[in-house]
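Asker: Using only what follows, build the 3D model:
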Amino acid sequence: MNTLQTLTHILIAPPLWLALLFALVFAALSWQVRWLSRSGALATAIVGFVILGFGGGLFLIPLLTFFLSSSLLSRVGRARKALARSRTAKGSVRDAGQVWANGGVAFALVLLYAYVVRRWPVYETRLILMAYLAALATVNADTWATEIGALSRKAPRSLLDWRMVPAGTSGAVSGLGVLASGLGAIVIPLVALPFWHLVRVEFVAVAWAGFLGSLLDSVLGAGVQAQYRDPATGELTDRPQAGRGQRERGLRWINNDMVNFLASVGGALCAWALLRFSGYMFL
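Answerer: Now for the predicted structure:
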């Protein structure tokens, strides 16, 4: 095996010690540039180690695409986004809850894949791979919709009654946000295309599932996410401290992190169902 082949093999299937080192260094650097809080850096190190160590470099590429693109987009137009962020429970610096909400499903699917890859038929393990991509496509689509949609000059509309609401309101959508969601969903299978050799039906299923998962996020945000009335402004907010713990609507235990997690579960299941019961039948 020549040097290039050895290097390629290490990148695709790195030893666990190298995966751990990479995850720790990446998490530390992300904390230094304030993309992550301390708890977020620890959670990212765990997620990164498992995905790189048990999945390999090919699993890491779409994860890094989501993390880097969403982190960079959060820095665009920060002054215009400041008011919208005041209505949310968390800011652009991700904590452990946000990391697990966005990466928890991908984390679990990599562990499942590592366990079954030599036990299940190739067809079944391929479904796990597509579900993994769809989970990341969902959170990427949702994050792009949030970060780019917040720059829209038009107020978003609530999915509850289609009335215009302030930017940053959970369960609200805008034309720019929907467009950004679609692009964010496409990016994940696009970067995976040359490495995972996706066929057309897989590409479409993952992108479509990511978009639908992002839409589910908005539906859950409008319907069941806990919302509080800010006594100072009279507006709805995700922050329980602003409403002194008095809920206006939604379930107390469903916050934005839980909504993101449930949406990524929905996106993964959507891709699995699309391919299992329809897409692969046309191959």
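
Asker: What is the burial count for residue 235?
Answerer: 16 (other Cβ atoms under 10 Å). To be clear about C-beta, it is placed using only N, CA and C from the backbone, and glycine gets the same treatment.

Asker: That one contacts residue 167, correct?
Answerer: No. In this structure, residue 235 is not within contact of residue 167 by Cβ atoms under 8 Å, at 11.0 Å.

Asker: tell me, what's touching those two both at once?
Answerer: Overlap of the contact sets of residue 235 and residue 167 (by Cβ atoms under 8 Å, 6 or more residues apart in numbering) is empty.

Asker: Strands of the stretch 51-200 of the chain, start to end?
Answerer: Using DSSP state E, counting those that start in this stretch, the strands of the stretch 51-200 of the chain run over 157-158, 172-173.

Asker: Tell me which of these is the most buried.
Answerer: Among the strands of the stretch 51-200 of the chain, strand 172-173 has the highest mean neighbour count (mean count of other Cβ atoms under 10 Å), at a mean of 23.

Asker: Check which helices and strands it is in contact with.
Answerer: Using 3 or more Cβ pairs under 8 Å, 6 or more residues apart in numbering; DSSP states H and E, the elements in contact with strand 172-173 are strand 157-158, helix 200-223.

Asker: Show the contacting residues for residue 174.
Answerer: Residue 174 sits next to 149, 152, 154, 155, 156, 157 when contact means Cβ under 8 Å, 6+ apart.

Asker: still on that earlier bit, right, and the helices and strands packed on strand 172-173 - which one's nearest residue 53?
Answerer: Among these, the nearest to residue 53 by Cβ to Cβ is helix 200-223 (23.6 Å).

Asker: quick one: strands adjacent to the helix or strand just after that closest one?
Answerer: For helix 200-223, the following helix or strand on the C-terminal side (DSSP states H and E) is strand 227-229. Note on strand 227-229: by DSSP bridges, its sheet partners are strand 236-237 (antiparallel), strand 247-249 (antiparallel).

Asker: Done for today, thanks.
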